[in-house]
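> need a 3D model of the sequence below.
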Amino acid sequence: MPVSLEQRIKAVKDWCTVQERSVVPVLVPELEDMARQALAGVHSALEGSSFDDDEKQGAQFVIALLEYQVDRLYCAEGELPRVFAAALERFEQPPVGPVSAQLRDLKKLMLLISGERRGLCEVSRAELSAIVDGIGDSLRDAQFWYYVSSWAFTHREPDYLVQAFEAMLLMPTTFRNQMPFKRTRLMTRILHREATEAEVLHYLDEIIIPQVLSEFREHLLPVLLAQGMTPEPLDEAIARAQRRLANLPEQIRQTRD
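Numbers count the residues shown, from 1 in each chain. Predicted coordinates:
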């Protein structure tokens, strides 16, 4: 019985998810050596995979975004525009089949949304919709909606944010998608001017990933302050989160030893 396109995409996506879990947890400023080593392991694993050319290229597009995330974190000051341009160029190669086409569009969208947040490009609603509308259900997971909600918050577009929130409501609750769900819920409430100080402080006290804290400070905090929320309790909660995360590099090293 022939394997369907959705099954092929899911097989590549599931394989890539396992590989990403070897890299993403060590994306911490002090752990470049571990992140580079983990990324090299992903490349090695792909070489030994049984994917056909279309599936392998799809996995390569996923890895291209992962490489960008690593290079972005560890590049020298002023090098980010070059790093972003090099990553974007990798997504210009034509896909060899339907699997790689879907994964290329998905990961290119994520790259563009990430780049826009850093002032490296712009993504209009029309551009976003053109790509989102072509992404199949098998790829509309928590990570997909994480990026779409980032764009929606940046552009103050509550409709896409509500779509992300509703989609996450229907997903099975796991440890890995709890924080994206809580983040999307908080973003939605902020845009509707409904966020309370108590829920914001609770969100900050649950942060265990440095990138999530950085995002809060750079993107959510300015909106909350503009809406009139008192800064002192937020500053104290941010400081608590920073102290909590200070020991993260050593904890990761001990776990990986």
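
> quick one: secondary structure of Ile63?
helix (DSSP: H, G, I helix; E, B strand; the rest coil).

> hmm, it is touching Ser44, no?
No - look at Ile63 against Ser44 with C-beta atoms under 8 Å: they stay out of range, at 11.3 Å. In short, each C-beta sits where N, CA and C put it, glycine included.

> more crowded one of the two?
Ile63 (21 against 9; other C-beta atoms under 10 Å).

> who does the helix or strand that Gln254 is a member of touch, helix- and strand-wise?
For Gln254, the host element (DSSP states H and E) is helix 248-256. Secondary-structure packing of helix 248-256 (3 or more C-beta pairs under 8 Å, 6 or more residues apart in numbering; DSSP states H and E): helix 32-47.

> quick one: buried residues of the helix it packs on?
Of all the residues in helix 32-47, those buried under the rule 16 or more other C-beta atoms under 10 Å are 34-35, 38-39, 42, 45-46.

> pull the residues that contact it.
19-20, 22-23, 26-28, 56, 59-60, 63, 66-67, 70, 73-74, 252-253, 256 (C-beta atoms under 8 Å, 6 or more residues apart in numbering).

> and the angle from that helix to helix 248-256?
50 degrees (axes from the mean of the first three to the mean of the last three C-alpha atoms, to 10 degrees).

> for His202, see how far away the closest residue to Pro249 other than its chain neighbours is.
Leaving aside its sequence neighbours, Pro249 sits nearest to Glu30 (C-beta to C-beta, 6 or more residues apart in numbering; 4.1 Å). For Glu30, the distance to His202 (C-beta to C-beta, to the nearest Å) stands at 28 Å.

> same question for Ser138.
33 Å.

> the more surrounded of these two?
Between Ser138 and His202, counting by other C-beta under 10 Å, Ser138 is the more crowded of the two (18 against 13).

> residue contacts, the more buried one?
Here Ser138 is in contact with 6, 9-10, 13 (C-beta under 8 Å, 6+ apart).

> type out the ChimeraX command that picks the buried ones from those.
Command for ChimeraX, covering only those of the contacts of Ser138 found buried under the criterion 16+ other C-beta under 10 Å:
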select :9,10,13
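
> tell me the pLDDT at the closest residue to Leu245 other than its chain neighbours?
Nearest residue to Leu245 in three dimensions, chain neighbours excluded: Pro210, at 5.5 Å (C-beta to C-beta, 6+ apart). At Pro210, the pLDDT value in this model is 90.

> I'd like to know how many residues surround Pro210.
With other C-beta under 10 Å as criterion, Pro210 counts 18.

> doesn't Leu248 make contact with it?
Yes - in this structure, Pro210 is within contact of Leu248 by C-beta under 8 Å, at 6.9 Å.

> residues that sit against both of these two, list them.
Contacts common to Pro210 and Leu248, judged by C-beta under 8 Å, 6+ apart, are Val28.

> counting by contacts, list what the helix or strand containing Met187 packs against.
Taking DSSP H and E as the criterion, Met187 maps to helix 175-191. Under the contact criterion of 3+ C-beta pairs under 8 Å, 6+ apart, helix 175-191 touches helix 142-154, helix 158-169, helix 197-205.

> alright, I will stop here.
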